[in-house]
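Asker: how does the following fold in three dimensions:
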Amino acid sequence: MTREEEWEAGDTFVVAIFTGLAALLVLARYLRNQRERIDLAASAEVLKKVFQGLQHRAGKAEVVSVPSELLEQAARIESAQIAKERKDAVLQSVAFRPTGYAIAFDRHAAEQRATLSVADRVELEDLVAQLSTDGAQLESQAGPVAGALSGATKSKRVEIDYVIDHASRSIRIIALRHGVDSSSPASLNGSSHA
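Answerer: Just a heads-up that it's a prediction; the model follows:
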């Protein structure tokens, strides 16, 4: 074997080692994600049983005292589930809707979004997803801010004002209000632009 063949054999060996290490890292990450999902599901089941036990012990009482640790654990599980659903939704929208509009929240609107309850955040995300996919079809309608459009969640508890930039295929949420009166006429599912 010549020196050049030895170098090629050595290079091939090094490439094989690095490829194997890369594959191991990808596999380890995949297994860790799977373990986290299994742990999350198991935690949710245990938490469900604990909540049912508390409810059973309380009997017919209208108020059930729940320790703060359980509420924190429920919030962590819920946040993880929301993050997973968002990731899946983003992946689906990228794969199936190349015509969607990018969504951005102004700082104040993002701060308001952070104060929403989980149910209102989920409804807001549904509204935002609908805006993203329907961005090209929305016509210019006057809203409270000059050139802005308005929309509301299905429950009408959260209302937004937004501006569409067709050139950059983006929608900017400029205002967010929660606790809106349910008789408000501005709604994506109502009279605003349905």
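Asker: just give me the neighbour total for Leu31.
Answerer: 10 (other Cβ atoms under 10 Å). All C-beta spots, glycine's among them, are computed from the backbone N, C-alpha and C.
Asker: and Ala129, by the same measure?
Answerer: With neighbours defined by other Cβ under 10 Å, the count for Ala129 comes to 18.
Asker: for it, which non-adjacent residue is spatially closest?
Answerer: With sequence-adjacent residues excluded and distances taken as Cβ to Cβ, 6 or more residues apart in numbering, Ala129 is closest to Ala89, at 6.6 Å.
Asker: assumed the one you found was part of a helix.
Answerer: Yes. Counting by DSSP: H, G, I helix; E, B strand; the rest coil, one finds Ala89 located in a helix.
Asker: what's the separation between it and Lys156?
Answerer: Noted for Ala89: a distance of 23 Å to Lys156, by Cβ to Cβ, to the nearest Å.
Asker: so between these two, which is more surrounded?
Answerer: Taking neighbours as other Cβ under 10 Å, Ala89 and Lys156 compare with Lys156 leading, 18 against 13.
Asker: gap between the lowest-mean-pLDDT helix or strand in the chain and the chain center?
Answerer: Of all regular secondary-structure elements in the chain, judged by mean pLDDT, DSSP states H and E, the least confident is helix 68-96 with a mean of 78. Using Cα atoms, centre = their mean, to the nearest Å, the distance from the centre of helix 68-96 to the centre of the chain it belongs to is 6 Å.
Asker: I'd like the next helix or strand past that helix.
Answerer: strand 102-105 (DSSP states H and E).
Asker: what helices or strands is that next one leaning on?
Answerer: Judged by 3 or more Cβ pairs under 8 Å, 6 or more residues apart in numbering; DSSP states H and E, strand 102-105 is in contact with helix 118-134, strand 170-178.
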